[in-house]
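*Asks:* Sequence and predicted structure are below.
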Amino acid sequence: MFIFMSLMTVKDPLYPEFKIEKFQWVFPLIRSYPVNRLRFIKQLGLKAYGGQFPSANHTRYEHSIGTMYLASKLCEELYKNTEDKDLKGSVREYTPTIIVAALLHDIGHGPFSHTIDDVLKERFQKKHAHEDMTKEIVFRILKNDIEQLENSIKAEEVCQIILGEHTYHSYLNDIVHGELDVDRMDYLARDAYFTGVEYGWRAYQLIESMKISKTPVVEEEMLSKFREDIEKSDIEIKEEIREAIGRIKDLWSDHVCICDESGIALAELLLVTRRTMYERVYYESSSRIAEKMIQKAIIWMLDNNKIDKDLFLNVNKYVTLDDFELFTLLKEAGGYAYEILNRIKKREIFDCYFLEKVGNYPRLKDAVAREDQKELNKLNLEIAEKFDTSPERVILDIIRRRPFEKNRVFVEVEGVPSPLEEVSNIVQSLAKSIQSDTTFGIYVDRQHVNIEKDKSNLIKQIEDILGGM
């Protein structure tokens, strides 16, 4: 982790050559409260407090500093490797904005990182949870600090890069919000390091293989098919359509592109590492159950007026929340919330009663596809009734695996940019396998439910509920 000496020296096990003095111009943000608050938010939620990974004590702060550093290295390589003079110029122009976006990309996280996201989505209709809070913090708290920096940076463009919404240069969306972005490069390496998972790649090597290339907005294969269909048709405006197709052919976008075979292999390795980390770390069962218990406790506090709703609605109050503050709020709330806190301290977590694929149960599958939280809550209630207990004693957990998004990563083969999945069988296989991997778990409080009583009959009743029988 980092040790600051007058903010001039950074010691990081991943990047021993990192020199913080290069970033003096961004010190006002590094020193700001919203960024420093990240020191008190664990990167991997409750992983350090339960389960297999007691060394997972790293925080969002060092990840944010590391992501900023990798963003600066990527900008250097993009400038060096990109042939197009206009694109080279844009890299130099946008480098300060990219560095700030990389530093601030996680400032919207609440206590225990992603643990709070479901609460924000369920109770406060924040569709993108911590991303929404990041935008609010940038605009409402840090805007003046950002725009007073020496490089004429605009808060609006910082947000666009963080959220992948920049409209002028597509490559800016690839750097912090892409499939092979610097955020992912840092957190995969950092999380693996602090959880003891072996990984065989280094971010630098992948970064060195990257440049910006122009990619067609519409693929030639699709245009050829369109031409054939037009020529076979009887419509009278063929010439106008031919001209339109010609104009479309000349439309280009710009993307970060991998430009050699070793880069392709490293990209494959990163994506395989990501899959491994989800299987071995991110969805590790005991710490995930503990996180879901904390979510239940927060919802209980909200339903029973044991916590100020403005902590989640007012951005100035939201930034006071961190892991330690939430522990205090759980303790002060008493009742079920305090019980859950003590249960986690004693490692008395709920039992995993049922674990299956969502696709096997039509009613559940439909609710998950529509992201219908009301229906999911109703299912939780109906399942709890079958256990003859309250909804707080049963947790229905949807375990989503984010698929690899096609046409987001490009490689240049013989001078022609192509989507990574078209040249890599490994990536193609990963994209297909994740699509059907959404699972769900039912976790039950053994202290209030006899989980062995009439288990086979109870499972049949639960399956009927989930299947819509």
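*Replies:* Cool, got the structure.
*Asks:* name the element Ser213 belongs to?
*Replies:* When secondary structure is defined by DSSP states H and E, Ser213 falls within strand 210-216.
*Asks:* Other residues contacting that strand?
*Replies:* Judged by C-beta atoms under 8 Å, 6 or more residues apart in numbering, the contacts made with strand 210-216 from elsewhere in the structure are 74, 77-78, 81-84, 87, 91, 171, 249, 251-259, 263, 410, 412, 417. All C-beta spots, glycine's among them, are computed from the backbone N, C-alpha and C.
*Asks:* List the neighbouring strands of that strand plus their orientation.
*Replies:* When sheet partners are counted by DSSP bridges, strand 210-216 sits next to strand 252-258 (antiparallel).
*Asks:* In the strand it pairs with, which residues are buried?
*Replies:* Buried residues in strand 252-258, counting neighbours by 16 or more other C-beta atoms under 10 Å, are found at 254-258.
*Asks:* what's in contact with it?
*Replies:* Residues lying outside strand 252-258 but in contact with it, judged by C-beta under 8 Å, 6+ apart, are 74, 78, 87, 169-171, 174-175, 178, 180, 206, 209-217, 264, 267, 409-412, 417, 420.
*Asks:* average pLDDT across that strand?
*Replies:* Strand 252-258 shows an average pLDDT of 87 in the prediction.
*Asks:* ok, then the element right after that strand?
*Replies:* Downstream of strand 252-258, the next assigned helix or strand under DSSP H and E is helix 261-277.
*Asks:* gap between that following helix and the chain center?
*Replies:* 17 Å (C-alpha atoms, centre = their mean, to the nearest Å).
*Asks:* and the angle from it to strand 210-216?
*Replies:* Orientation check (axes from the mean of the first three to the mean of the last three C-alpha atoms, to 10 degrees): helix 261-277 against strand 210-216 gives 90 degrees.
*Asks:* I'd like the mean pLDDT over the helix or strand just after helix 261-277, please.
*Replies:* Scanning forward in sequence from helix 261-277 by DSSP H and E, the next helix or strand is helix 285-303. Averaged across helix 285-303, pLDDT comes to 95.
*Asks:* Could you list the low-confidence segments of the stretch 1-150 of the chain?
*Replies:* Counting by pLDDT under 70, the stretch 1-150 of the chain shows low-confidence ranges at 1-9, 126-128.
*Asks:* Return the distance of Leu38 relative to Val138.
*Replies:* Taking C-beta to C-beta, to the nearest Å as the measure, Leu38 and Val138 are separated by 14 Å.
*Asks:* Between those two, which is the more surrounded one?
*Replies:* Applying other C-beta atoms under 10 Å to Leu38 and Val138 shows that Val138 carries more neighbours, namely 26 against 21.
*Asks:* State the distance from Phe124 to Lys345.
*Replies:* Distance, Phe124 to Lys345, using C-beta to C-beta: 28 Å.
*Asks:* The buried residues of strand 252-258: which two are farthest apart?
*Replies:* When these are compared pair by pair using C-beta to C-beta, the farthest-apart members prove to be Asp254 and Ile258, with a separation of 14.4 Å.
*Asks:* Just the helices from the stretch 1-150 of the chain, written as ranges.
*Replies:* Read by DSSP state H, counting those that start in this stretch, the stretch 1-150 of the chain holds these helices, from start to end of the chain: 27-30, 33-36, 60-81, 85-104, 117-124, 130-140, 143-147.
*Asks:* Need the distance between the two termini of stretch 32-49.
*Replies:* In stretch 32-49, first residue to last residue: 28 Å (C-alpha to C-alpha, to the nearest Å).
*Asks:* What pLDDT does the model give Leu223?
*Replies:* Leu223 carries a pLDDT value of 50.
*Asks:* Okay, buried residues for the strand holding Ser213 please.
*Replies:* 210-216.
*Asks:* Kindly report the same for stretch 153-165.
*Replies:* Within stretch 153-165, the residues that qualify as buried by neighbour count (16+ other C-beta under 10 Å) are 153, 155, 157-164.
*Asks:* Output those in JSON lines; the columns should cover distance to Val315, pLDDT and secondary structure.
*Replies:* Putting the buried residues of stretch 153-165 into JSON lines (distance: C-beta to C-beta, whole Å; pLDDT from 0 to 100; DSSP: H, G, I helix; E, B strand; the rest coil) gives the following:
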{"residue": "Ile153", "distance to Val315": "20", "pLDDT": "95", "secondary structure": "coil"}
{"residue": "Ala155", "distance to Val315": "14", "pLDDT": "96", "secondary structure": "helix"}
{"residue": "Glu157", "distance to Val315": "20", "pLDDT": "97", "secondary structure": "helix"}
{"residue": "Val158", "distance to Val315": "16", "pLDDT": "97", "secondary structure": "helix"}
{"residue": "Cys159", "distance to Val315": "14", "pLDDT": "96", "secondary structure": "helix"}
{"residue": "Gln160", "distance to Val315": "19", "pLDDT": "96", "secondary structure": "helix"}
{"residue": "Ile161", "distance to Val315": "20", "pLDDT": "97", "secondary structure": "helix"}
{"residue": "Ile162", "distance to Val315": "15", "pLDDT": "96", "secondary structure": "helix"}
{"residue": "Leu163", "distance to Val315": "16", "pLDDT": "95", "secondary structure": "helix"}
{"residue": "Gly164", "distance to Val315": "21", "pLDDT": "93", "secondary structure": "coil"}
